[in-house]
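1. Provide a 3D model corresponding to the input given below.
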Amino acid sequence: MRRIFAIFGISLIVLFGLAFSVLNADPVVLDLFFDEVEVAISVAMVAALIIGAGLGVLASLGAIWRKGREIQRLRRQVGYAERQLQALRRTPLSSRTGSD
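-> Have a look, this model is predicted:
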């Protein structure tokens, strides 16, 4: 059932994209500083979307790397705490309380 919904959703997105492309087929001139290119406005908009998404990913890489390092540090701390807990569980109760 999930596969049917996925196929339906992908088909809907493709149809929407095709309709967008047909409705926005007018040519537009892009000045790329060193050259001028004439493309359909839908292609220019999709290219701008892809470039913007790529720049957004690049801008967030620093935060992603910082979070990854923090996760590694916290995992090491948890491992250390678990080793200490296991060591405490192996010691007899009388030696932990300090009263004989």
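
2. going forward, measure contacts and count neighbours with C-alpha atoms only.
-> Noted.

3. And the strands in the chain?
-> Here the chain has its strands, by DSSP state E, at 27-31, 36-40.

4. could those go into TSV alongside mean pLDDT, mean neighbour count and distance to L58?
-> Output for those, formatted as TSV (pLDDT from 0 to 100; neighbours: other C-alpha atoms under 10 Å; distance: least, C-alpha to C-alpha, whole Å):
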stretch	mean pLDDT	mean neighbour count	distance to L58
strand 27-31	87	13	24
strand 36-40	88	13	26
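
5. of those strands, which approaches S11 most closely?
-> strand 36-40 (22.8 Å; C-alpha to C-alpha).

6. related to what we said a few turns ago, for G56, which of the strands of the chain is the nearest?
-> Closest among these, using C-alpha to C-alpha: strand 27-31, at 22.3 Å.

7. Name every strand pairing with that closest one and say which way it goes.
-> strand 36-40 (antiparallel) (DSSP bridges).

8. what sits up against the partner strand?
-> 24-31 (C-alpha atoms under 8 Å, 6 or more residues apart in numbering).

9. Go again with 10 Å.
-> By C-alpha atoms under 10 Å, 6 or more residues apart in numbering, the surrounding residues in contact with strand 36-40 are 21-22, 24-31, 44.

10. swap in stretch 57-73?
-> 51-53, 74-79.

11. Just give me the neighbour total for I41.
-> I41 has 19 neighbours, counted by other C-alpha atoms under 10 Å.

12. if I pick it, what's in contact with it?
-> 20-21, 23-30, 47.

13. at 8 Å instead, please
-> 24-28.

14. What score does it have for pLDDT?
-> The score at I41 is 87. That number is its pLDDT.

15. And the helices in the chain?
-> Applying DSSP state H to the chain gives helices spanning 2-23, 41-90, 93-97.

16. Give me the mean pLDDT for the last one.
-> To tie it back to what came earlier, the one meant is helix 93-97. Here helix 93-97 scores 67 as its mean pLDDT.

17. on that earlier part again, will you turn the contacts of strand 36-40 into a markdown table that also has distance to L88?
-> Formatted as a markdown table, those follow (distance: C-alpha to C-alpha, whole Å):
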| residue | distance to L88 |
| --- | --- |
| S21 | 67 |
| V22 | 71 |
| N24 | 70 |
| A25 | 72 |
| D26 | 74 |
| P27 | 74 |
| V28 | 73 |
| V29 | 73 |
| L30 | 70 |
| D31 | 70 |
| A44 | 65 |
